[in-house]
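Asks: Curious how this folds, go ahead:
(one chain, ligands or ions: 1)
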Amino acid sequence: METEDKIKELSRIISECKHIVFFGGAGVSTESGIPDFRSKDGLYNQHDVKFDRYSPEYLLSIDCLIDHPDVFYEFYRQKLDCRTIEPNKAHIRLAELEKMGKLDGVITQNIDGLHQKAGSRNVQEIHGSTLRNYCMKCHKKYDAEFIFRSEDKIPKCPECGGMVRPDVTLYGEGLPQTAWVESMRLIYRADCLIVGGTSLAVQPAASLAYQFPGKYLVIINRDKTPADRNAQLVIHDSIGKVLDLTSFD
Ligand SMILES: [Zn+2]
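Replies: Here you go, the predicted structure:
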């Protein structure tokens, strides 16, 4: 099938279904210009912090946060500040689909809050969000600005002096339970699951695609994924472009 026919088929599926769920990964955000945190381009050796000796996965791990918080926060501030980034067509079209009452929710592996910025209401963030912070000692919550505005190398809670950390799932940590349970609930109730912008390489997140028991599994990703063979429709293209060309009625 040509891409044009596949997009027509996606329009047909969307018009037939009443409980659509979207499950997205990094590809949804990269189209907004969010850089891949794994690349060390654009990193500066400030405050004598040298990143070269660490892997990107270590720099975003719970071990790094605990053992080398100065390194963790330097990397975090340089790489994960999403505050000025805007949603793209993919985020906007999904928010429209939710407003039409067709889309039950979005499950995302991204931590940038762009779905909410585009107007989506039911967003399950299975890897947390950089827009929320909390004190590790007294659990007081702080807004998105707190870590980026803090003049201390290591942001401290004004109430108790504990370390304030992002509400993001770091390497070495389990997924947030509530978001995970709610994601499963959405998937079990859905008649169509659209998986977009993810190579389904990261577990346990990728297992969500395999647990979907409904009628239509749709995969939209630039590259092949291991779940392609299970899907009713596979489109190897940009998620923003495909959703933009798909008609909703
Ligand atoms: Zn505190």
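Asks: Show me what the longest strand that the chain contains is packed against.
Replies: Ranked by number of residues, the top strand in the chain under DSSP state E is strand 128-135. Strand 128-135 is packed against strand 141-142, strand 164-168, with contacts defined by 3 or more CB pairs under 8 Å, 6 or more residues apart in numbering; DSSP states H and E. Every residue, glycine included, has its C-beta placed from N, CA and C.
Asks: Is the shortest one in proximity to the ion?
Replies: No: residues of strand 141-142 are not located near the ion by CB under 5 Å from the ion, the shortest gap being 9.2 Å.
Asks: shouldn't residue 98 be in contact with residue 120?
Replies: Yes: if you go by CB atoms under 8 Å, residue 98 and residue 120 touch, sitting 5.6 Å apart.
Asks: Find residues that contact each of those two.
Replies: Residues touching both residue 98 and residue 120 (CB atoms under 8 Å, 6 or more residues apart in numbering) are residue 106.
Asks: So residue 158 belongs to a helix, correct?
Replies: No: under DSSP: H, G, I helix; E, B strand; the rest coil, residue 158 sits outside any helix and is assigned coil.
Asks: distance between the ends of stretch 64-83?
Replies: Distance between the two ends of stretch 64-83: 23 Å, counting by CA to CA, to the nearest Å.
Asks: Same question for stretch 140-151.
Replies: Start-to-end, stretch 140-151 (CA to CA) is 19 Å.
Asks: Please enumerate the helices of this protein.
Replies: With helices called from DSSP state H, the chain shows them at 3-16, 26-30, 56-59, 62-67, 69-79, 89-99, 114-118, 145-149, 177-189, 207-210, 239-245.
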